[in-house]
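J.: I would like the atomic coordinates for the input below:
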Amino acid sequence: MAKGSPADSLDSIFEPFQLPDAGQLSRKFDRIGLSLAIAKKIMDAHGGEISVESTVGSGSTFTLHLPKNPPQKTGEKA
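T.: Predicted coordinates:
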């Protein structure tokens with residue numbers, strides 16, 4: 001998403017192997033479309049959230065929100 005992506009393609013970018021610009025970039029940069037899916041899983045595991053805002057021709061901004069005190073898994077001691 002070097003130059004932004006259309007809003008209708010943003011819903012799927014956090015799914016494995018989904019690149020809105022795959023036809024143009026995946027071969028050129030050897031991308032396989034896992035980076036954002038992995039980032040989302042990491043954020044989810046820590047009780048956080050990842051979001052994106054994108055403007056075609058301008059670029060994309062990714063925002064990460066992590067809780068100060070992430071939820072603890074059952075059976076963990078505080």
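
J.: okay, CA-based contacts and neighbour counts for the rest of this
T.: Will do.

J.: Could I get the buried residue list for stretch 48-68?
T.: Burial within stretch 48-68, assessed by neighbour count using 16 or more other CA atoms under 10 Å, is assigned to Gly48, Glu49, Ile50, Ser54, Ser60.

J.: Provide a list of residues in contact with the closest residue to the last one other than its chain neighbours.
T.: If I follow you right, that is Ser60. Leaving aside its sequence neighbours, Ser60 sits nearest to Ser54 (CA to CA, 6 or more residues apart in numbering; 4.1 Å). Under the criterion of CA atoms under 8 Å, 6 or more residues apart in numbering, the neighbours of Ser54 are Gly4, Ser5, Pro6, Ala7, Ser60, Thr61.

J.: From Phe17, how far off is Ser54?
T.: As defined by CA to CA, to the nearest Å, Ser54 lies at a distance of 19 Å from Phe17.

J.: Repeat that for Ile50.
T.: Counting by CA to CA, the separation of Ile50 from Phe17 is 17 Å.

J.: likewise Pro71?
T.: Counting by CA to CA - Pro71 and Phe17 are separated by 29 Å.

J.: Those two: which has the busier surroundings?
T.: Neighbours were tallied for Pro71 and for Phe17 using other CA atoms under 10 Å; the higher tally belongs to Phe17 (17 against 11).

J.: Kindly confirm my reading that the more buried one is in a helix.
T.: No: Phe17 sits outside any helix when classified using DSSP: H, G, I helix; E, B strand; the rest coil, being coil.

J.: Touching, it and Ile38? I think so.
T.: No: the pair formed by Phe17 and Ile38 falls short of the contact definition of CA atoms under 8 Å, at 10.8 Å.

J.: helix or strand right after the longest helix seen in the chain?
T.: In terms of residue count, the longest helix belonging to the chain (DSSP state H) is helix 35-45. Once helix 35-45 ends, the next helix or strand along the chain (criterion: DSSP states H and E) is strand 49-55.
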